[in-house]
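Novice: Sequence first, then the predicted structure:
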There are 2 protein chains.
Amino acid sequence: MNNPILVEVLRGMLVESRHRGAVVVADADGAAVLTIGDVATPIFPRSAVKALQALPLVEIGAADAFGFGDEELALACASHSGEAGHVAGVTRMLAKAGLDAAALRCGAHWPMAQSAVAMVARTTGEPSALHNNCSGKHAGFLCVACAKGIDHTDYWRPQHPVQREVRAVLENLTGAALSDDRCAIDGCSVPTWAIPLQNLAHAFAKFGTGISLSPERARAAARLRAACAQEPWYVAGTARFCTEIMQLFGARVFVKTGAEGVYCGALPEEGLGIAIKCDDGAGRASQAIMAAIIARFLPLGDAERVTLARLERPILRNWNGLEVGALRVTDAI
Amino acid sequence: MNNPILVEVLRGMLVESRHRGAVVVADADGAAVLTIGDVATPIFPRSAVKALQALPLVEIGAADAFGFGDEELALACASHSGEAGHVAGVTRMLAKAGLDAAALRCGAHWPMAQSAVAMVARTTGEPSALHNNCSGKHAGFLCVACAKGIDHTDYWRPQHPVQREVRAVLENLTGAALSDDRCAIDGCSVPTWAIPLQNLAHAFAKFGTGISLSPERARAAARLRAACAQEPWYVAGTARFCTEIMQLFGARVFVKTGAEGVYCGALPEEGLGIAIKCDDGAGRASQAIMAAIIARFLPLGDAERVTLARLERPILRNWNGLEVGALRVTDAI
């Protein structure tokens, strides 16, 4: 594997660090309109496929049964920052299914947002599973189990009916065979399957358009996209890339980050899906690449162009606020 | 630049991410005993050269004038975690020079240590410049200015006598010309000069042995190394790599991390200096590489071998403590 350098990190006038990676943009037939680097080797999409993992929640009627609105559906697709509103939303999701935080099996971690860390330190002193960035997804899984009337205890295990359903949905969307030898454990303990980048882009083109999906699945995808477009703060949080992009573009762009330098997205009006993986796992690089890809494939207004240019070439400032460098996307994109 | 893959990140049975980089191990004559990748292009050493930047503090007699012991000297070389002991130590350094935190120009950031973040949130509510990982280095710079009897206000600027002295020391140790076009601003606002990796390894071989240094500089280097070996917690902090390595090996190994995937070190008894840079800036990879390099060049006891093997191939666990993968150093090292 020898993927090209896609992002350079400048300090002063010199390049300090470099990020390699692969990118594919595909349509709903699976035809690639842009291919950079190795897009055939399976990679772990991690949290970038949370919206696909949330499809059963809507499809089987669980979201309706529990009266979920846009905030709850956005949280089911989220890697949230653990801010107060996220925690309250996930608590509400669980309560609607007659559960509480004790049912979550995602583990606890300190919130991503520094302000939320300080809040937790000042109040309860320790974070709970509700602060885990995946707690909304897990609440969604629990709601699927409850709506089906099955024991939810082991909802995170690969053999539990909820995860088997999620696996079938991922196979349907990506067209990839999710064999056991491609399965690993995600940060929140649910299975993550390695999938070729080209299949992920294809999946997000289908998710963004409904093409090649059953009517129920297409409707569920449209509802999740609409929820994220309506409530993008619940998909990530304050000052987060996913949130800023969807606040800017609304339903015209869906984006979702994943750990280890993955980004997936859809441009529904263009009929395109996007999948990005940085070789080294750097989120700062995958964000800049996503901004560049959106700018390349979406017709832009002036304000949109300015914002994307800033996200594609973020200024780096030090602890005194001095400008010390910047990221820049290379000519390989 | 096409440096080799030096570290792979495994999830389950598959490689999830990859880190490229360059490594050089050199003796005090500048002869390389190991060269991997591009070691000639200048790179920013960042905090990895803090011990070299601290040499004037000892050489000009400031450390003696203010009665500094091992803790203070270790802090002058530190990227500390902002734990209570670090903050107290830096406060003490400043007080000995008749100063307080208001003199620091490093900027404030939340402590690296999560426990310290919680402590700050519960008490003062906001971090101060004392919590900045570079505050010990800055206190050292201030003490140099005070001992020289010069105005310390702009001690961080490239043209201030303190930084000119530091620059001269770095040129003497590395043998590299630190021209203005290789100068950028570090995270704490002091200058950082890009230096070829091979020159950095040479510098640390000199720092570790005293060879080719003036008697005063050689004594200052020995004193700083002894201080870090005696008080390694003050160089980094709880559960940090630099601290664990120097706790294990004492004066036999000096190591210091820098931002953006840099690691420098010395094996004094072997007469060797080490310099590592990961292309993508990943600290997790540079640590694993440093462990592998130490294991390769230092005669080891059984317990030392076991600890280095763990640091060279750290197990990755998720939020539930489940083993999800590991890092592994490749055959390129």
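Specialist: The structure has been received and is ready for your questions. Keep in mind that this is a model prediction, so the values were computed, not measured.
Novice: What are the boundaries of the strands in the stretch 201-333 of chain A?
Specialist: Applying DSSP state E, counting those that start in this stretch to the stretch 201-333 of chain A gives strands spanning A:254-258, A:262-267, A:272-278, A:315-317, A:323-329.
Novice: and those, which is most packed in?
Specialist: Ranked by mean neighbour count, those are led by strand A:272-278 with a mean of 30 (mean count of other Cβ atoms under 10 Å in any protein chain shown). Where C-beta positions appear, they are placed from N, C-alpha and C, glycine not excepted.
Novice: That strand packs against which elements?
Specialist: Other helices and strands packing on strand A:272-278, by 3 or more Cβ pairs under 8 Å, 6 or more residues apart in numbering or on different chains; DSSP states H and E, are strand A:14-27, helix A:197-209, strand A:262-267, helix A:283-297.
Novice: who does that strand pair up with?
Specialist: strand A:14-27 (antiparallel), strand A:262-267 (antiparallel) (DSSP bridges).
Novice: Can you lay out the strands of the stretch 201-333 of chain A as TSV showing mean pLDDT?
Specialist: Below are these laid out as TSV (pLDDT from 0 to 100):
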stretch	mean pLDDT
strand A:254-258	98
strand A:262-267	98
strand A:272-278	98
strand A:315-317	97
strand A:323-329	98
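Novice: Let's have those in CSV, adding distance to residue A:299.
Specialist: Output for the strands of the stretch 201-333 of chain A, formatted as CSV (distance: least, Cβ to Cβ, whole Å):
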stretch, distance to residue A:299
strand A:254-258, 17
strand A:262-267, 10
strand A:272-278, 13
strand A:315-317, 26
strand A:323-329, 19
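Novice: ok, the most centrally placed residue in chain A - contacts?
Specialist: Among the residues of chain A, the one closest to the centroid is residue A:256, at 2.8 Å (Cα atoms, centre = their mean). By Cβ atoms under 8 Å, 6 or more residues apart in numbering or on different chains, residue A:256 lies in contact with A:47, A:48, A:49, A:50, A:51, A:77, A:79, A:235, A:242, A:263, A:264, A:265.
Novice: can you list the residues of the stretch 151-300 of chain A near chain B?
Specialist: By Cβ under 8 Å from any Cβ of the partner chain, the residues of the stretch 151-300 of chain A that approach chain B are A:181-189, A:192, A:194, A:260-261, A:278-282, A:285.
Novice: One more pass at 6 Å, please.
Specialist: The stretch 151-300 of chain A has residues A:184, A:185, A:187, A:189, A:194, A:260, A:279, A:280, A:281, A:282 near chain B, with proximity defined as Cβ under 6 Å from any Cβ of the partner chain.
Novice: So which of those wins on neighbours?
Specialist: Neighbour counts for those, by other Cβ atoms under 10 Å in any protein chain shown, peak at residue A:279, which reaches 31 neighbours.
Novice: Leaving out chain neighbours, which residue sits closest to that one?
Specialist: Setting aside the residues directly before and after it, residue A:279 is nearest to residue A:20 in space (Cβ to Cβ, 6 or more residues apart in numbering or on different chains), at 4.5 Å.
Novice: who's residue A:317 bridged to?
Specialist: Applying DSSP bridges, one finds that residue A:317 bridges with residue A:323.
Novice: Then residue A:254?
Specialist: residue A:266.
Novice: How much space separates it from residue A:224?
Specialist: 9 Å (Cβ to Cβ, to the nearest Å).
Novice: Then residue A:333?
Specialist: Distance from residue A:333 to residue A:224, by Cβ to Cβ: 28 Å.
Novice: higher neighbour count, the two?
Specialist: Taking neighbours as other Cβ under 10 Å, residue A:333 and residue A:224 compare with residue A:224 leading, 25 against 19.
Novice: who touches the more buried one in this structure?
Specialist: Residue A:224 is in contact with A:51, A:54, A:73, A:77, counting by Cβ atoms under 6 Å, 6 or more residues apart in numbering or on different chains.
Novice: Let's see that with 7 Å instead.
Specialist: When contacts are counted by Cβ atoms under 7 Å, 6 or more residues apart in numbering or on different chains, residue A:224 touches A:51, A:54, A:58, A:73, A:77.
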